[in-house]
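Peer 1: What would the 3D arrangement of this be:
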Amino acid sequence: MHVLITNDDGPPNQETSPYIHYFIDAIKKHTDWEISIALPNTQRSWIGKAHMIGQSLTASYIYPGEIGKPYEGPFYKQVKSPEHEEWTLLDGTPASCANVGINHLFKDKGPVDLVLSGPNYGRNSTALYIMSSGTIGAAMEGALCGVKSIGLSYAYNDRVHVPKQIESASEISVKLIKHLYENWDSEAQLYSINVPLKDDHSATKIFYTHILENTWGANFEPWEDYELRQKGKNEIESDLEDELAAVATVGEQQGHQPHNEGEKPKNLLPTYELNSQGLKRDKRLTQFKWSPDFSAVRNSVKGSEEGNDGLVVDQGNISVTPLRACFKDIPIKKEIKI
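Peer 2: Residues are numbered from 1 along each chain as shown. This is a model prediction of the structure:
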């Protein structure tokens, strides 16, 4: 069985991608699967099933050894007779990694039988998380390529990474994935799995669930409001070269384009502010800081009806949500006359 592994957190990193190496080790320990690995070369969370249109993708290669140790690479050329297993990185989205991995990278191993996306750093339960998830987006892409796919997410309670918990979650995840693959529901194109991190999963219950449909408000706030909540704000001055470079960077990050072809921005001498997190901004630009209301997700789960993914995970159990790679439609069948 040929299994393609991807994620949205990128290559192993203690801060941003702490689970992938443990998961791959668990697969090797508990299965005889032929595995291929194609990951984004950096974190690509919250990007859904996006492809960057017009973007050519470049592959690079890393060779991880022991968990927690620095990996060799990345290299733009494959290493001949490497000491460790080769992982492919692509400078694209999770969905693009799934597509290229299925169709191009590993033809010598035969067709891909299953796409595994994850384990995600954090839960992907309820509509608010799952609709934005790059982890689920990659699984969706796999399903749309005609391959059975599973998105896997680990729900943590704090950001302290306990190896015992990650190993236990990975072991039960592999067992569950084997069961789902061998007992695949004929209506399902993919599954979303959420596993809570804990020391021992031997008594953890597993439930089929549906997605809790929830909503929230603003995901951004004006920089001025954000800065009012910060302590230790200081104004600093930079030399002209640094200022101009920073303006260019801000423009690139925000995707700014002049209104008219050839128009040049005026007043390119910004005033910087340095807040307690060391973040700089140009005071003359109108900017909004990423600041999602995660409490809206938590509050929507509290008091919700039994059987949804968010509540099952909050109760310390594992959720399995069968999905179709399609937006949910409302069955209204009649002509519209206007």
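
Peer 1: pull the longest helix from the chain.
Peer 2: helix 163-182 (DSSP state H).

Peer 1: what's the offset of stretch 214-230 from the middle of its chain?
Peer 2: Counting by CA atoms, centre = their mean, to the nearest Å, stretch 214-230 is centred 22 Å from the centre of its parent chain.

Peer 1: isn't Thr88 right up against Leu39?
Peer 2: Yes: if you go by CB atoms under 8 Å, Thr88 and Leu39 touch, sitting 7.3 Å apart. From N, CA and C alone the C-beta is placed, and that goes for glycine too.

Peer 1: Have a look at those two and say which one is more surrounded.
Peer 2: Taking other CB atoms under 10 Å, Thr88 and Leu39 do not tie; Leu39 has more neighbours (26 against 21).

Peer 1: Surely the more buried one is within a strand?
Peer 2: Yes: assigned with DSSP: H, G, I helix; E, B strand; the rest coil, Leu39 falls within a strand.

Peer 1: quick one, strands of the stretch 101-250 of the chain?
Peer 2: With DSSP state E, counting those that start in this stretch applied, the stretch 101-250 of the chain shows strands at 114-121, 148-155, 190-196, 206-208, 220-222, 234-236, listed in chain order.

Peer 1: Pipe those strands into JSON lines and attach mean neighbour count and distance to Ser300 per row.
Peer 2: Below are the strands of the stretch 101-250 of the chain laid out as JSON lines (neighbours: other CB atoms under 10 Å; distance: least, CB to CB, whole Å):
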{"stretch": "strand 114-121", "mean neighbour count": "28", "distance to Ser300": "19"}
{"stretch": "strand 148-155", "mean neighbour count": "27", "distance to Ser300": "15"}
{"stretch": "strand 190-196", "mean neighbour count": "26", "distance to Ser300": "15"}
{"stretch": "strand 206-208", "mean neighbour count": "16", "distance to Ser300": "19"}
{"stretch": "strand 220-222", "mean neighbour count": "14", "distance to Ser300": "20"}
{"stretch": "strand 234-236", "mean neighbour count": "9", "distance to Ser300": "39"}
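
Peer 1: looking at these, which is closest to Gly307?
Peer 2: Nearest to Gly307 among the strands of the stretch 101-250 of the chain is strand 206-208; the distance by CB to CB comes to 7.6 Å.

Peer 1: just how off-centre is the closest one within its chain?
Peer 2: On CA atoms, centre = their mean, the centre of strand 206-208 falls 23 Å from the chain's centre.

Peer 1: ok, now stretch 222-231?
Peer 2: For stretch 222-231, the distance to the chain centre is 28 Å (CA atoms, centre = their mean).

Peer 1: Could you double-check that Ile102 sits in contact with Cys145?
Peer 2: Yes: the criterion here is CB under 8 Å, and Ile102 meets it with Cys145 at 5.0 Å.

Peer 1: neighbour-wise, which of these two wins?
Peer 2: Higher neighbour count among Ile102 and Cys145: Ile102, with 22 against 17, using other CB under 10 Å.

Peer 1: what sits against that one?
Peer 2: Ile102 is in contact with Leu4, Val112, Val115, Gly142, Cys145, Val147, counting by CB atoms under 8 Å, 6 or more residues apart in numbering.

Peer 1: farthest-separated two in those?
Peer 2: Leu4 and Cys145 (10.0 Å).

Peer 1: so what's in contact with the two at the same time?
Peer 2: Joint contacts of Leu4 and Cys145 (CB under 8 Å, 6+ apart) are Ala98, Ile102.

Peer 1: ok, back up a step: which among the strands of the stretch 101-250 of the chain is found nearest to Asp329?
Peer 2: Asp329 lies closest, by CB to CB, to one member of the strands of the stretch 101-250 of the chain: strand 190-196, at 17.5 Å.

Peer 1: Using CSV, list the CA coordinates for the closest one.
Peer 2: This file holds the C-alpha atoms of strand 190-196, laid out as CSV (Å, rounded to 0.1, in the frame of the first residue of the first chain):
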residue,chain,number,x,y,z
LEU,A,190,-12.3,11.6,3.1
TYR,A,191,-12.3,11.6,6.9
SER,A,192,-11.3,14.3,9.4
ILE,A,193,-9.9,12.9,12.6
ASN,A,194,-9.2,14.9,15.8
VAL,A,195,-7.1,13.2,18.5
PRO,A,196,-6.7,14.9,21.9
